[in-house]
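>>> Need coordinates for the below:
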Amino acid sequence: MKSLALILIIFLISSCTDEITIYRGDGTQINIFLVKDGQLDYYNPEETDLESLELEGSPWLKHSEIEFYDWSAHTFYLKNEKTKGNHGQYFVLKADKKPLFIGFFYSMIMSYIPSCPTILTDGFFYPKDLISLNPYGYRQNEDLTPLNSDFRKNIENSGLLREGISVELISLKRKNSSTLTYSYKVTNLDSEKIYILDPKMMGASRFHYYTNGIYLNKGDKRYYADDFETTSSDKISSNWYFRLSPGKSITRTVELNGYTSLPTGTVKASFRFPGAS
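Prediction:
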C-alpha cells in the first residue's frame, strides 16, 4: 500500500527554538469585564463597537488574580480558584483601558457556538484555577488574526506571557485500511520545565482516552477513528508524564486503529495534543 504523505499540519506554534525569551512587561494591566445585559446581537457579537458597550464597574477577572497566560493553549493560569460566569453572558477583555475583544461564556448544553473567544462554564473540562479561551472561532477563524496579534503584544507587555509548547505532526504511515501509525514532536518553548503526557509511559490506549488521534481530509471526505481501543482512568498517574526541559524536544510514534477505509496518497491531517484536566 502507498503510504500517506503529510502536506499540512498547523498546531499551536510551528517554530522551534533553543532560545528562551522571558517577557518582563511594561506594567500593562489585563482585566476581563462582564457586559451588562441587553446590548448585543446574539448571533453577531463580533460586529459590536466595543467602546460603546456598558460594562460592569469592577473586573470579573483582575490582573492581580492571574499568574500567567500560556500562549500555546490560550489559557490563563490563576493564583486561586475562580467560579466561571453564567452561560450566555458576554465579556470584554481589556489591556489597560483598551478593549481588545469580546467573548462569551459557553456551555456544552448550548446549540449555538459563537464566532468569538469562549470560556467554558462546564466545570468538568478544566480545573477551577484555569480559564481557557476555547477554540470555537478563535484559533480557527483567519479573520481574527489581527486580533491575535494585538492580543499577543499586550500579553507580552503585561509580563504574563508564557510560550508553552509547540506540537508538530511529522509523519503518517498507513498500516492497513483501519490502522495508521503517526509520529509527532513536542518542543518546550518556555523558560521552565513542562510535564507532558507521554504515550510511551502510559500506553497508546490510555493516551487515546485523552485524544482522538489523527483526523484526515482527502478532497471533501473526512476520516477519523471511531472504534478504537481506550483505557480510562479516574486519576492521572505522575508516571505518565515526561518532564521536558526548556528548548528541548521529544518525538513519539503511536499506532491508532478504528478507521473505516483509510485512503492512500496525499492527505491533509490534524492532531490535537492532549493535556489532562
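
>>> Name the single longest helix found in the protein.
The longest helix of the chain (DSSP state H) is helix 145-158.

>>> what does it contact?
23, 25-30, 63, 69, 71, 93, 95, 98, 100-101, 161 (CB atoms under 8 Å, 6 or more residues apart in numbering). From N, CA and C alone the C-beta is placed, and that goes for glycine too.

>>> wait, which of those is closest to Val167?
Among those, Trp71 lies closest to Val167 (CB to CB), at 13.2 Å.

>>> what's the spacing between the closest one and Leu34?
Look at Trp71 and Leu34: by CB to CB, to the nearest Å, they are 24 Å apart.

>>> which of the two has more neighbours?
Applying other CB atoms under 10 Å to Trp71 and Leu34 shows that Trp71 carries more neighbours, namely 22 against 19.

>>> Might one say that that one is in contact with Leu161?
Yes: Trp71 lies in contact with Leu161 (CB atoms under 8 Å); the separation is 6.1 Å.

>>> next helix or strand past the longest helix of the chain?
strand 161-162 (DSSP states H and E).

>>> Which other helices and strands does that next one contact?
strand 66-70 (3 or more CB pairs under 8 Å, 6 or more residues apart in numbering; DSSP states H and E).

>>> Relative to the whole chain's centre, how far out is the next helix or strand after the strand it packs on?
Later in the chain than strand 66-70, the nearest helix or strand by DSSP H and E is strand 75-78. Going by CA atoms, centre = their mean, to the nearest Å, the spacing between the C-alpha centre of strand 75-78 and its chain's C-alpha centre is 12 Å.

>>> likewise stretch 223-231?
Mean C-alpha position of stretch 223-231 versus that of the full chain (CA atoms, centre = their mean) differs by 21 Å.

>>> Pop out the phi and psi values for Leu160.
Main-chain dihedrals, Leu160, degrees, to the nearest 10: phi -90, psi -10.

>>> quick one: contacts for it?
Tyr23, Gly25, Ile30, His63, Ile66, Glu67, Phe68, Tyr69.

>>> Would you list the buried entries among the residues you listed?
Among the contacts of Leu160, the ones that count as buried by 16 or more other CB atoms under 10 Å are Tyr23, Ile30, His63, Ile66, Phe68, Tyr69.

>>> circling back: any idea of the angle the longest helix of the chain forms with strand 66-70?
Relative orientation of helix 145-158 and strand 66-70, computed by axes from the mean of the first three to the mean of the last three CA atoms, to 10 degrees: 140 degrees.

>>> Now helix 145-158: buried residues?
Buried residues in helix 145-158, counting neighbours by 16+ other CB under 10 Å, are found at Leu147, Asn148, Phe151, Asn154, Ile155, Glu156, Asn157, Ser158.

>>> so which of these would you say is closest to Thr264?
Using CB to CB, these come closest to Thr264 at Asn148, 36.1 Å.

>>> Got the confidence number for that closest one?
In this model, Asn148 is scored at 74, pLDDT.

>>> so how far is Val186 from it?
Using CB to CB, Asn148 is found at 22 Å from Val186.

>>> Okay, helices next: where are they in the stretch 151-277 of the chain?
199-202, 204-210 (DSSP state H, counting those that start in this stretch).
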